[in-house]
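Student: Got a predicted structure here, sequence first:
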Amino acid sequence: MVEIGVSVAAKVSEYLVDPVVRPLGYLFNYRTNIEDLSEKVEKLRDARDRQQHSVVEAKRNGHVIFDDVPNWLTRADGFIQDASKFLKDEKAAPKSCFNGLCPNLLSRHRLSREATKKAAVAAQIHGVGLKIERVSYRPPLQEIRSAPSEALPSRLEALNQVMEALKDSNINRIGVWGLGGVGKSTLVKQVAEQAAQEKLFDKVLTASVLQTPDFKRIQGELADMLGMKFDEESEKGRATRLHQRMKDEKTILVILDDLWAEVNLDKIGIPSPADHHKGCKLLLTSRNRDVLSNQMGTQKDFPVEHLQEDETWILFENKAGDSIKNNPDLESIAIDIAKECAGLPLAIATLAKALKNKSESIWKDALQQLKRPTSTNIMGMGEKVFSSLKLSYDYLEGYEVKSFFLLCCLYPHNYIITRDLLKYGVGLRLFQGINTLEEAKNRMDALVDNLKASNLLLETGHNVVLRMHDVVRNTARKIASNEYYHALTFQKGVKVEEWPKMDELQKFIMIKVDESDIFELPKGLVYPKLEYLHCSLNSSLVVKIPNAFFEGMKQLKVLDLSGLQLTSLPSSLRCLTKLRTLCLDRCKLGDIAIIAELKQLEILSLMKSEIEELPREIAQLINLKLLDLKGSSTLQVIPSDVISNLTRIWVWAIALLNGRWKERLLPEDRVFDNLVRFKIFIGDVWLWEESYKTDRILKLNKFNTSLLHVMDGISKLLKRSEDLHLHELCGGTDAISKLDGKGFPKLKHLKVKSSPEIQHIVRSMDLTPSCLAFPIMETLSKRLNVDDGHVGLLPKLEFLNLNGLPKLRHICNWGSSTNYHLSSAPISNIIFPKLNYMLLKSLPTLTSFSPGYHSLKRLQHADLDTHLSVLFAETDSG
């Protein structure tokens, strides 16, 4: 009975007392409720800003935003606007009556009650936002859509036939075959686009196989389109991972372009449609129908034929632009020229672009040349095709671009590395009127764009790696073998007895040997005109080079022996007095001191070679402009006088992979003063292939800063670097703060990571009064534990990101040793005069921020124990 009485009493209290107490609570807690709402709105605004920043960054990286994120942002934006208006109106609302003699209880009750409700909504929205752990995901790559092509009836018919076969549930292997340059790749690319548009498959993947398949590259191309990354290094491990990933897709189309022979799908990781994955279909292209039907087991094969005359004219007229429309007299000549292209789209497009905007006399001359009989002796290429492509070459303007084009054709595969072309071109003096490597690089980029516009190089989206259609390459090699270059290329499998006879050697200027199994180079060769020699031999063999091998090649300017095991270099190397470029990349090297006798050498590349010590004699190469030591993982010693004596060097590229520093690893003296551009990476944590906005990049890993006083070279580099990355520094709390009191005058980008010992990057007491620590700093990223986050004066800094620094107490606490604040300093000493965006997160011990942030437009913060009003208070020194 007692319990029942208590329960009844409680219920009575709920209905009678609460309605009385709650309104009184709104009145008594009026100011608390308003401040609580204001605080919750501020927290929500910060959360909204963080998510917006994450969205912007994700979009910048090409990620796709989850649907719930913009929905939450929209809801948060709407509430913040409504609550902000309420708080603004609250300040203006009358809060007293009778001329201020007593408070306006009705107004206070209404505002307090509404503030309480809005605070609950703010907390609910904020709670939902906190559950959003990721705002985006990385989508798989999609094929770049091709420009709309001419509606040629034969190609539309072929496209429709392939699409019908893909929709047939009884067919899972389809082949497309035809002559090189006839349009097979273009056709299957259109198939891929249409299949994706019609959503016939969950995934559509494409990869080029080429004449010499590189299975790791093929695996990488397929993985990119699946949005996956490989952790496995071995080809077999990657194949297994790719196989598992493909089987996760219910339906998938895999397009393998340009097969020359049977390809083992298991080695790539492609599940067999018949045995392992019923939803997987293969679309294959080849020049040889037997490769498809007999070796790869295709069930349906479609030929891609030459274009008929009417289609040839449609394509030619389109590629020639307005040249024909603006000059009716050209039409009959143009029709005859188009007929000479033998219906091959590659030849038609290339020749039409070559003649575009040319005078009538040039068109007439082109027709005359095409009608002349030509002997090509190139398998699979008719005389008309060769003549049309040859004419496109003839109409390239200038020796420079023609020479560069023929240099590109020496590559045996479809991927041409421009880094190598630059080294070769400089050595051959191919680039005219240039004085520096930077000028040569710019000229090379211009030549590449010229050749792409002429259809002689394929578009890749960048100029790091180039591609050339093999029909074009075969034409170029034929041209090179006949013209002034007299180039000779040996294909894979050449034997020593197949080298030209003595009487044939006199004419050759360029020789390239591709992936041969030769283990000993021939003796007694005499090449009086040879300027370029590139021997790419089987790297598993120790190749013997006769001591007298180079005696008959005294005009040699470029020598590439990359990939060889060379215990020593032949003594006849000293005969190459005109050599300017020497590439010994990926070599196992012994004694190479003889290189010092090559006094005209300008480029020395030892990239990824096994060498323990750079010979001291290299210091005698006073004309050296580029020393490339990227990936030289076994390099232990660089003598101090090597770099200091190379007074003309412009670029020094090195990526030492040693896990720990040795005091003798880099020179101690003033050795880097002449470097105009450099990329120096120390340690095994850096990615070399990243793109960089500056030309002077220094990355240090596990560097002992206490050694700076005996490593003047590193100190010089620190002060000249534009992009500096520091990882796992050790050796004291002051790091690199003592730099002759001059700070970092050239530094634009600084990133410090995983360095718990470091307390200061720069301390004001170490700077001379007239010096700024970071006068041109643009971006600063710090992820380390510090006791005093003094970053010095940053007059050009626009973005500051400080995240996860549990011991950071002060930001720019100017003159911390004397305990006075920057607010007492003159206005000219503002720390961040251009800072407009700042992100502060997970800084639990931060107590003060210097007041030099007058241009700040946007602030995001989270996990700060100190209130913003205290953190940014501009207190006086006294």
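Tutor: Noted; the coordinates are in hand.
Student: May I see the buried residues of stretch 279-297?
Tutor: Using 16 or more other C-beta atoms under 10 Å as the test for burial, stretch 279-297 gives 279-287, 291-293, 296-297. In this view, the C-beta of every residue, glycine as well, is placed from N, C-alpha and C.
Student: pLDDT-wise, what's the bottom of those?
Tutor: Taken together, the buried residues of stretch 279-297 show their lowest pLDDT at residue 287, with 82.
Student: buried ones in the helix ranked longest in the chain?
Tutor: When the chain is parsed with DSSP state H, its longest helix is helix 30-60. Within helix 30-60, the residues that qualify as buried are 30, 33-34, 36-38, 40-41, 43-55, 58, counting by 16+ other C-beta under 10 Å.
Student: other SSEs contacting the helix or strand encompassing residue 421?
Tutor: For residue 421, the host element (DSSP states H and E) is helix 418-427. Here helix 418-427 touches helix 399-408, helix 437-453, strand 465-466, strand 558-560, strand 581-583, strand 603-605, going by 3 or more C-beta pairs under 8 Å, 6 or more residues apart in numbering; DSSP states H and E.
Student: Show me what it is in contact with.
Tutor: 404, 407-408, 430-431, 437, 440-441, 444, 448, 463-466, 532, 557-558, 560, 579-581, 583, 602-603, 605, 625-626 (C-beta atoms under 8 Å, 6 or more residues apart in numbering).
Student: Got a PyMOL select line for the buried ones in those?
Tutor: Buried residues within those, by 16+ other C-beta under 10 Å, are selected in PyMOL with:
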select buried, resi 404+407+408+430+431+437+440+441+444+448+463+466+532+557+558+560+579+580+581+583+602+603+605+625+626
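Student: got any ranges where the stretch 151-300 of the chain has weak pLDDT?
Tutor: Within the stretch 151-300 of the chain, the segments meeting pLDDT under 70 span 274-276.
Student: Lowest average confidence across helices and strands of this protein, where is it?
Tutor: helix 2-16 (a mean of 49; mean pLDDT, DSSP states H and E).
Student: before we move on, the earlier item: just name the closest of the buried residues of stretch 279-297 to residue 193, please.
Tutor: residue 283 (12.8 Å; C-beta to C-beta).
Student: and the closest one, what does it touch?
Tutor: 162, 166, 174-176, 188, 191, 253-256.
Student: who's in contact with the spatially closest residue to residue 182 that is not a sequence neighbour?
Tutor: Leaving aside its chain neighbours, residue 182 sits nearest to residue 304 (5.1 Å; criterion: C-beta to C-beta, 6 or more residues apart in numbering). Taking C-beta under 8 Å, 6+ apart as the contact definition, residue 304 lies against 158, 176-178, 182-184, 187.
Student: do that again at 7 Å, thanks
Tutor: Shown in contact with residue 304 (C-beta atoms under 7 Å, 6 or more residues apart in numbering): 158, 176, 178, 182-184, 187.
Student: Reformat those as a markdown table; add distance to residue 120.
Tutor: Output for these, formatted as a markdown table (distance: C-beta to C-beta, whole Å):
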| residue | distance to residue 120 |
| --- | --- |
| 158 | 65 |
| 176 | 64 |
| 178 | 70 |
| 182 | 70 |
| 183 | 66 |
| 184 | 65 |
| 187 | 62 |
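Student: Please list the members of the residues you listed that lie in strands.
Tutor: residue 176 (DSSP state E).
Student: wait, which of the contacts of residue 304 is closest to residue 110?
Tutor: residue 187 (72.7 Å).
Student: Quick check, that closest one in contact with residue 176.
Tutor: Yes: with contact defined as C-beta atoms under 7 Å, residue 187 counts as touching residue 176 (6.2 Å).
Student: Flag every buried residue along stretch 234-249.
Tutor: 238-239, 241-243, 245-246, 249.
Student: Which residues are in contact with residue 182?
Tutor: 304, 306, 344-345.
Student: Residue 453: neighbour count?
Tutor: Residue 453 sits with 12 neighbouring residues when counted by other C-beta atoms under 10 Å.
Student: gap between the closest residue to it other than its chain neighbours and residue 450?
Tutor: Nearest residue to residue 453, sequence neighbours excluded (C-beta to C-beta, 6+ apart): residue 353, at 7.1 Å. To residue 450, residue 353 is 11 Å away according to C-beta to C-beta, to the nearest Å.
Student: hmm, back to that, and residue 187 and residue 176? which has more neighbours close in?
Tutor: Ranked by neighbour count (other C-beta under 10 Å), residue 187 and residue 176 place residue 176 first, with 27 against 21.
Student: On the strand side of things, show who the more buried one bridges to.
Tutor: Judged by DSSP bridges, the bridge partners of residue 176 are residue 285, residue 302.
Student: Hmm, residue 185 and it touching each other?
Tutor: No: Residue 176 lies out of contact with residue 185 (C-beta under 7 Å); the separation is 9.3 Å.
Student: tell me, what's touching the two both at once?
Tutor: With C-beta under 7 Å, 6+ apart as the test, residue 176 and residue 185 both reach residue 285.
Student: picking that back up, okay if I get the buried residues of stretch 279-297 as CSV plus secondary structure?
Tutor: Below are the buried residues of stretch 279-297 laid out as CSV (DSSP: H, G, I helix; E, B strand; the rest coil):
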residue, secondary structure
279, coil
280, strand
281, strand
282, strand
283, strand
284, strand
285, strand
286, strand
287, coil
291, helix
292, helix
293, helix
296, coil
297, coil
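Student: hang on, the earlier thing: pLDDT averaged over the helix holding residue 421 - what is it?
Tutor: 92.
Student: coming back round to it: list the helices and strands the longest helix of the chain packs on?
Tutor: helix 68-92, helix 105-130, strand 858-862 (3 or more C-beta pairs under 7 Å, 6 or more residues apart in numbering; DSSP states H and E).
Student: I'd like to know which elements the second one is packed against.
Tutor: What that stands for is helix 105-130. Using 3+ C-beta pairs under 7 Å, 6+ apart, helix 105-130 sits against helix 18-28, helix 30-60, helix 68-92.
Student: tell me the angle of that helix relative to helix 68-92?
Tutor: 160 degrees (axes from the mean of the first three to the mean of the last three C-alpha atoms, to 10 degrees).
Student: Quickly run through the sheet partners of the helix or strand following helix 105-130, with directions.
Tutor: Note on helix 105-130: by DSSP H and E, the next helix or strand toward the C-terminus is strand 136-137. Taking DSSP bridges as the criterion, strand 136-137 forms sheet pairs with strand 64-65 (antiparallel).
Student: one step back: output the buried residues of stretch 279-297 in a markdown table, with distance to residue 330 appended to each entry.
Tutor: As requested, those are exported to a markdown table (distance: C-beta to C-beta, whole Å):
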| residue | distance to residue 330 |
| --- | --- |
| 279 | 53 |
| 280 | 51 |
| 281 | 46 |
| 282 | 45 |
| 283 | 40 |
| 284 | 41 |
| 285 | 35 |
| 286 | 38 |
| 287 | 34 |
| 291 | 42 |
| 292 | 41 |
| 293 | 44 |
| 296 | 46 |
| 297 | 49 |
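Student: Now compare the residues you listed and name the two farthest from each other.
Tutor: Most distant of the buried residues of stretch 279-297, by C-beta to C-beta, are 279 and 287, 29.2 Å apart.
Student: coming back round to it: ok, so what distance separates the residue nearest to residue 453 from residue 321?
Tutor: Distance from residue 353 to residue 321, by C-beta to C-beta: 9 Å.
Student: Before I go, just wanted to say thanks for your time.
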